[in-house]
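> Output the structure for:
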Amino acid sequence: MAPVIDVFFEFASPYSYLAAQELPALAARHGRVLRWRPVELAKVWGALGVLDAYGAVRRVKVAYVGRDAARVAAERGVAFVPFRARPKATLARLVVHRLNRYAPAAAEAFVLAVWRKVFVEGGDIGSAEALTSSLEPTLQSEIRAAQDDSLAAEDLATANHDAVASGCFGVPWIVADGESYFGQDRLYLLDRQLAQSPR
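Next up is the predicted model:
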């Protein structure tokens, strides 16, 4: 099996979205597999003891992040529509973890489709109805099943724990060969490191 690159992310993170536009091709170049692992960043911060501090920083920088992400997207020719309200991502997270367990080949397509809804269409992802629209029937059944999937909930908790254990303090947080990379602007370093790693 190809070596795995873990991608810890939040669906509401514009920088995670921007990184995702490059990561599949980057992984393919190096014969790697991406494992998409959505986390609950507030719980990660809580486990680190910095929830209140990071919450305050987020309030200060939220307007800047929206403008900056739009600039980066425009520079790269990537569609980007800032969301008006933070998307409710609870179900989407569970769906990804369910797919990772039962249909891993479908996880990436779902992740990218959800980000299209958020940052291209400016749409809602907070319900099964919103998530199932325009997706193939197989994914629709997985979305409905994820709502009551206790194993998906356990896998989400594990992703939170693993993110903390790897030193995660923000997203996207990418781990490959024991090294961590924070942010969409560090993919070139990941690319360089993978190019030097034996396959």
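
> and residue 170, what does it touch?
If you count contacts by C-beta atoms under 8 Å, 6 or more residues apart in numbering, residue 170 has them with 41, 182, 183. Any C-beta I mention is one placed from the backbone N, CA and C, and that applies to glycine too.

> Just among those, which is most surrounded?
Neighbour count (other C-beta atoms under 10 Å) singles out residue 41 as the most crowded of the contacts of residue 170, with 24 neighbours.

> Where does residue 148 fall, secondary structure wise?
Per DSSP states H and E, residue 148 falls between elements, in no helix or strand.

> Is it possible to get JSON lines of the contacts of residue 170 that adds secondary structure?
Converted to JSON lines, these look like this (DSSP: H, G, I helix; E, B strand; the rest coil):
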{"residue": "41", "secondary structure": "helix"}
{"residue": "182", "secondary structure": "strand"}
{"residue": "183", "secondary structure": "coil"}
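
> What is the nearest of those to residue 129?
When these are compared for distance to residue 129 (C-beta to C-beta), residue 41 wins out at 25.4 Å.

> how about the closest residue to that closest one other than its chain neighbours, what does it touch?
Closest residue in space to residue 41, ignoring its immediate chain neighbours: residue 10 at 5.2 Å, by C-beta to C-beta, 6 or more residues apart in numbering. Contacts for residue 10 (C-beta under 8 Å, 6+ apart) come out as 16, 38, 39, 40, 41, 89, 171.

> Swap in 10 Å and give it another go.
For residue 10, the contacting residues are 16-17, 38-42, 44, 86-87, 89, 93, 170-173, by C-beta atoms under 10 Å, 6 or more residues apart in numbering.

> Which pLDDT value goes with it?
For residue 10, the pLDDT comes out at 98.

> which residues of this structure fall in strands?
4-9, 33-38, 173-176, 179-182 (DSSP state E).

> Give me the neighbour count for residue 171.
Residue 171, neighbours per other C-beta under 10 Å, totals 24.
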